[in-house]
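Q: Predicted model and sequence follow; I will ask about them next.
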Amino acid sequence: MNPDATLITLFASVFGVLALASSIGALLKWRLGAGQSSNVVDNLNARIKAWWWMIGLLALAFWGGKSGVIALFAFISFQCLREFISVTHTRIGDHKALMWCFFFFLPLQYWLIAIDWYGLFSILIPVYAFLLLPISSALGADTTRFLERAAKVQWGLMICVYCISHVPALLSLSIPGFAGRNLQLIVFLVLTVQSSDVFQYIWGKLFGKHKLSPEISPSKTLEGLIGGVLTSTAVGAALWWITPFAAWQAALIALTINILGFFGGFVLSAIKRDRGLKDWGSMIEGHGGMLDRVDSISFSAPIFFHIVRYWWVP
Amino acid sequence: MALENFIAAALCSFAKLLTGVRARWLGGLPDKRVRIYYPNHRSHGDFLLVWASLPTPLRKSTRPVAGADYWLQGKLRSYLIHRVFHGVLIDRLGGRSADPIGHMSEALVAGDSLILFPEGTRNLGDGLLPFKSGLYHLARANPLVEMVPVWIENLGRAMPKGCLVPLPLLCTLTFGQPITLQAGENKDTFLARARQALLDLAPPAD
């Protein structure tokens, strides 16, 4: 199949799965009977509806090619950083540093992908932002909780911008025999990791008994984790034909990024609980904020990028 | 009138879009009865955000209390506060003779709700300044009127004093349980209680 036909087939299949999910959601709602309502079913239907939008937006971005994908993930980073900084306490002395984050480092990071400058892309935030932002904050002449504030700003930038920007950066890898097909790597990453979130939710709702860590995430269960990660590892393995990997390699990589994705949600939950929050925001109905949806992508994308770069890019 | 309504709606949509504001009503649903909303004050945009977060029918009968010294400078400000926001202008520099409580009570008696900043001025630091006595005198003059604390989170961070471009932070407005002046409650007790009710809505400190 040529690259376009492959992508069309993939998206058509995902929309098919969504149609199935919507029918099941409608059936569950109908079985409840008139006048009755269930939070779980309503939330499930809201989530499925939001999935239609998210997959539709992803398809639209893919249609726009490299620039479309860069624009989409730059927007996702922007929204995540917005949610992250909104619930993180900083002080007035950090105002300039935050301006730099939103209006300089974020656009520059994505622009570096657009012009294929890998060297600077990989160190812009861990080196330059890391050193320059605390200088800006220190010039604010406020020492209250200084280290903590500097750490928060850097952390937000790493999680929301640096890590997520590794998704569109997959487009700049040149893999022998895979030219013109790099968008499929993004499909592999996003489908595997996001399906892991979905399957963890389903396994947890159906068979969840043993709470994993009630202090951090009351809804996560051991059954959900194992069932979800294994199921979506199977999904990843089944997608080997769209990647440069062999089937066993696809399975191993899927397992790795699923575990990382799980811990992405876990770590960000710890931050949410500390701030007394359930969700990062309210942008995506049924899911919470943007960061609630892409926390797993944030943790898995850089590792996936480097696995591919180390073993498949000569 | 149509133009003013349009400007009001446009400003509200703009403020909502820019701040992604989310309103949480912890003290029951929005209610059309006459009320005094008393938010914390960190930014010039505060009252617009409270105003924009009210459902349209409530917004139409809710008037911000504003300082005449600021709002009467220049034609544009004057037009906005009189025709678009229908503000109740208070002479902050005129002392007692200006009778601000009288002006505000007139608006309440006429059936309008008010947005009143009990700190009296913008707070450029953290937390909440001590309340001025205005809220208490207003409560004494209108003992049946409910007072709703409103915590505005993040607008002061997004637009601190002297900044030209705002940070794109998400703002949250938390509307709390209404309070009223209790029989025999003195000024200090009432103001402390009202202030605590507002502080209770703030997110946890670090």
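A: On my side now, so go ahead. Numbers count the residues shown, from 1 in each chain, chains lettered A, B, ... in the order given.
Q: Counting neighbours, which bits of stretch B:120-132 end up buried?
A: Buried residues in stretch B:120-132, defined by neighbour count with 16 or more other C-beta atoms under 10 Å in any protein chain shown: B:120, B:122-123, B:128-129, B:131. Every residue, glycine included, has its C-beta placed from N, CA and C.
Q: What does the residue of the stretch 101-250 of chain A found nearest chain B show for phi and psi?
A: Nearest residue of the stretch 101-250 of chain A to chain B: residue A:102, at 6.0 Å (C-beta to the nearest C-beta). Per-residue torsions, residue A:102: phi -70, psi -40 (degrees, to the nearest 10).
Q: what helix or strand is the residue nearest to it when sequence neighbours are not counted on?
A: The shortest distance from residue A:102 to any non-neighbouring residue, by C-beta to C-beta, 6 or more residues apart in numbering or on different chains, is to residue B:168 (6.0 Å). Per DSSP states H and E, residue B:168 falls between elements, in no helix or strand.
Q: can you pull the contacts of residue B:168?
A: Contacts here follow C-beta atoms under 8 Å, 6 or more residues apart in numbering or on different chains; on that basis residue B:168 touches A:78, A:82, A:102, B:18, B:158.
Q: That one and residue A:30: what is the separation?
A: Distance of residue B:168 to residue A:30, given as C-beta to C-beta, to the nearest Å: 42 Å.
Q: Just the CA trace of stretch A:148-155, in CSV.
A: The C-alpha coordinates for stretch A:148-155 follow below in CSV (Å, rounded to 0.1, in the frame of the first residue of the first chain):
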residue,chain,number,x,y,z
GLU,A,148,10.8,25.5,44.1
ARG,A,149,9.4,28.1,41.7
ALA,A,150,12.3,27.7,39.2
ALA,A,151,11.8,23.9,39.3
LYS,A,152,8.1,24.2,38.6
VAL,A,153,8.6,26.4,35.6
GLN,A,154,11.2,24.1,34.2
TRP,A,155,9.1,21.0,34.9
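Q: what sits up against that stretch?
A: The contact list for stretch A:148-155 (C-beta under 8 Å, 6+ apart) reads A:85, A:88-91, A:93-94, A:97-98, A:101, A:129-130, A:133-134, A:137, B:206.
Q: now stretch B:13-21
A: The contact list for stretch B:13-21 (C-beta under 8 Å, 6+ apart) reads A:82, A:281, A:283, B:45, B:48-49, B:52-53, B:154-155, B:158, B:166, B:168-173.
Q: which parts of stretch B:168-184 are buried?
A: Within stretch B:168-184, the residues scored as buried using 16+ other C-beta under 10 Å are B:168-176, B:178-179, B:181.
Q: In a markdown table: those residues, plus secondary structure and pLDDT.
A: Listed next are those as a markdown table, based on DSSP: H, G, I helix; E, B strand; the rest coil; pLDDT from 0 to 100:
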| residue | secondary structure | pLDDT |
| --- | --- | --- |
| B:168 | coil | 92 |
| B:169 | coil | 93 |
| B:170 | coil | 93 |
| B:171 | coil | 93 |
| B:172 | strand | 92 |
| B:173 | strand | 94 |
| B:174 | strand | 95 |
| B:175 | strand | 95 |
| B:176 | coil | 95 |
| B:178 | coil | 94 |
| B:179 | strand | 94 |
| B:181 | coil | 93 |
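Q: Could you dump those residues into TSV with distance to residue A:63 added?
A: Listed next are the buried residues of stretch B:168-184 as TSV, based on distance: C-beta to C-beta, whole Å:
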residue	distance to residue A:63
B:168	27
B:169	32
B:170	29
B:171	34
B:172	35
B:173	38
B:174	41
B:175	43
B:176	47
B:178	51
B:179	55
B:181	62
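Q: For residue A:13, state which of these is nearest.
A: Closest approach to residue A:13 among the buried residues of stretch B:168-184 (C-beta to C-beta): residue B:170, at 35.1 Å.
Q: quick one on the thing from earlier: isn't the residue of the stretch 101-250 of chain A closest to chain B right up against residue A:79?
A: No. Counting by C-beta atoms under 8 Å, residue A:79 is not a contact partner of residue A:102; they are 11.2 Å apart.
Q: more crowded one of the two?
A: With neighbours defined as other C-beta atoms under 10 Å in any protein chain shown, residue A:102 and residue A:79 compare such that residue A:79 has more, 23 against 20.
Q: Kindly report the residues of the stretch 201-314 of chain A close to chain B.
A: By C-beta under 8 Å from any C-beta of the partner chain, the residues of the stretch 201-314 of chain A that approach chain B are A:275-276, A:281-283.
Q: again, only this time at 6 Å
A: Counting by C-beta under 6 Å from any C-beta of the partner chain, the residues of the stretch 201-314 of chain A lying close to chain B are A:276, A:282.
Q: so where do the strands sit in the stretch 201-314 of chain A?
A: Ranges of strands within the stretch 201-314 of chain A are A:211-213, A:217-221, based on DSSP state E, counting those that start in this stretch.
Q: Which strands or helices does the shortest one pack on?
A: Secondary structure elements in contact with strand A:211-213, counted by 3 or more C-beta pairs under 6 Å, 6 or more residues apart in numbering or on different chains; DSSP states H and E, are strand A:217-221.
Q: Show me what the strand it packs on is in contact with.
A: Defining contact as C-beta atoms under 6 Å, 6 or more residues apart in numbering or on different chains, one finds that strand A:217-221 is touched by A:204, A:208, A:210-212, A:269.
Q: Selecting buried members of the residues you listed in PyMOL, what would you type?
A: Buried residues among these (16+ other C-beta under 10 Å), as a PyMOL selection:
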select buried, chain A and resi 204+208+212+269
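Q: what's the most distant pair in the contacts of strand A:217-221?
A: A:210 and A:269 (17.3 Å).
Q: low pLDDT regions in the chain?
A: Answering for chain A, as no chain was given. A:34 (pLDDT under 70).
Q: that's the wrong chain, I meant chain B
A: B:1, B:94-97, B:206.
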